[in-house]
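*Asks:* Could you look at this predicted model? Sequence included:
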Amino acid sequence: MPLNILHLDCSPRADSRSRQLSSAIVGKLLEAAPAARISRRNLGADPLPHATADYAVTLSSPKTLAAPVEGSLDLSEQLIREVEWADAIVIGTPMHNLTVPSVLKAWIDQVLRAGRTFRSTASGKTGMLADRPVLVAIASGGTFTGERAGQPDFLRPYLKEVLGSIGLKSTQFLAVQATAFLDDETAASALEAALTALDLSGVNERGPLVSAGGA
């Protein structure tokens, strides 16, 4: 079977560093699995609507979930099925004000759904989706790791927690930092350096990467 890749981009900029890095990650996957199929959502250029009143009403209690407002879960179901279809998920995102941009949060709010992607238990949320690799390409205008970190990082802990809560625990982060101070040449070097940390072994463990590569 060919590898199925769900590719999300969140930057509003067509030439953003996060888009360049996420495309490079997809390129690495295609090198290993040339027959891979890609489903792409350009959330930065075509953002999802924020949660509607009908969606909020439906999710407000077990009773309303059992009898949802007509059509209120349609978008959520479509997005969840895209995740279920994927063998690997690639997310390209900028860091906006220390965390995820609102377009990515809108996607998260539709995908995290009680009774569908997670169960609420006494010890917290339990994921209902099968795990698969999530490769997150981050671009930040400032620096959030290392000795020169000048800002906190709420993006990686948040994404790790919310994705893990629905069962997606194999999350890998690759980052290009201080992009506000990089020219094109140094940015290209930074992108290459970020890619060296890419580990595709988690994709291999699912099987399709190897079989697709030999197809």
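*Replies:* Nice, thanks for sending it over. Residues are numbered from 1 along each chain as shown.

*Asks:* Burial check on T196, number of neighbours?
*Replies:* T196 has 7 neighbouring residues, counting by other CB atoms under 10 Å. (C-beta placed from N, C-alpha, C; glycine too.)

*Asks:* P133 now?
*Replies:* 24.

*Asks:* And the helices in the protein?
*Replies:* For the chain, the helices defined by DSSP state H cover 17-32, 53-58, 62-66, 74-85, 102-111, 155-165, 184-195, 201-204, 208-213.

*Asks:* so E82 makes contact with I5?
*Replies:* No: the criterion here is CB atoms under 8 Å, and E82 misses it with I5 at 10.8 Å.

*Asks:* Please enumerate the shared neighbours of those two.
*Replies:* The contact sets of E82 and I5 overlap at S39 (CB atoms under 8 Å, 6 or more residues apart in numbering).

*Asks:* Who are the contact partners of the closest residue to C10 other than its chain neighbours?
*Replies:* Once flanking residues are discounted, C10 sits nearest to T93: 4.2 Å by CB to CB, 6 or more residues apart in numbering. Going by CB under 8 Å, 6+ apart, T93 touches 8-11, 18, 100-101, 104, 136-139, 155.

*Asks:* how close does T93 get to A187?
*Replies:* 17 Å (CB to CB, to the nearest Å).

*Asks:* Straight-line length of stretch 34-49, end to end?
*Replies:* Using CA to CA, to the nearest Å, one end of stretch 34-49 lies 34 Å from the other.

*Asks:* For it, buried residues please.
*Replies:* A36, R41, N42, L43, G44, P47, L48 (16 or more other CB atoms under 10 Å).

*Asks:* roughly how far is it from the heart of the chain?
*Replies:* 11 Å (CA atoms, centre = their mean, to the nearest Å).

*Asks:* and what of stretch 76-84?
*Replies:* Worked out by CA atoms, centre = their mean, stretch 76-84 lies 13 Å from the chain centre.

*Asks:* And the residue nearest to the spatial centre of the chain, what's its pLDDT?
*Replies:* The centre of the chain sits closest to I91, judged by CA atoms, centre = their mean, with a distance of 3.8 Å. I91 carries a pLDDT score of 98 in this model.

*Asks:* That one touches A139, doesn't it?
*Replies:* No: judged on CB under 8 Å, I91 makes no contact with A139 at a distance of 11.8 Å.

*Asks:* could I get the helices of the chain as JSON lines with mean pLDDT and distance to T117?
*Replies:* JSON lines is the format used below for the helices of the chain (pLDDT from 0 to 100; distance: least, CB to CB, whole Å):
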{"stretch": "helix 17-32", "mean pLDDT": "96", "distance to T117": "23"}
{"stretch": "helix 53-58", "mean pLDDT": "96", "distance to T117": "14"}
{"stretch": "helix 62-66", "mean pLDDT": "93", "distance to T117": "13"}
{"stretch": "helix 74-85", "mean pLDDT": "98", "distance to T117": "6"}
{"stretch": "helix 102-111", "mean pLDDT": "98", "distance to T117": "6"}
{"stretch": "helix 155-165", "mean pLDDT": "98", "distance to T117": "8"}
{"stretch": "helix 184-195", "mean pLDDT": "92", "distance to T117": "29"}
{"stretch": "helix 201-204", "mean pLDDT": "78", "distance to T117": "20"}
{"stretch": "helix 208-213", "mean pLDDT": "36", "distance to T117": "22"}
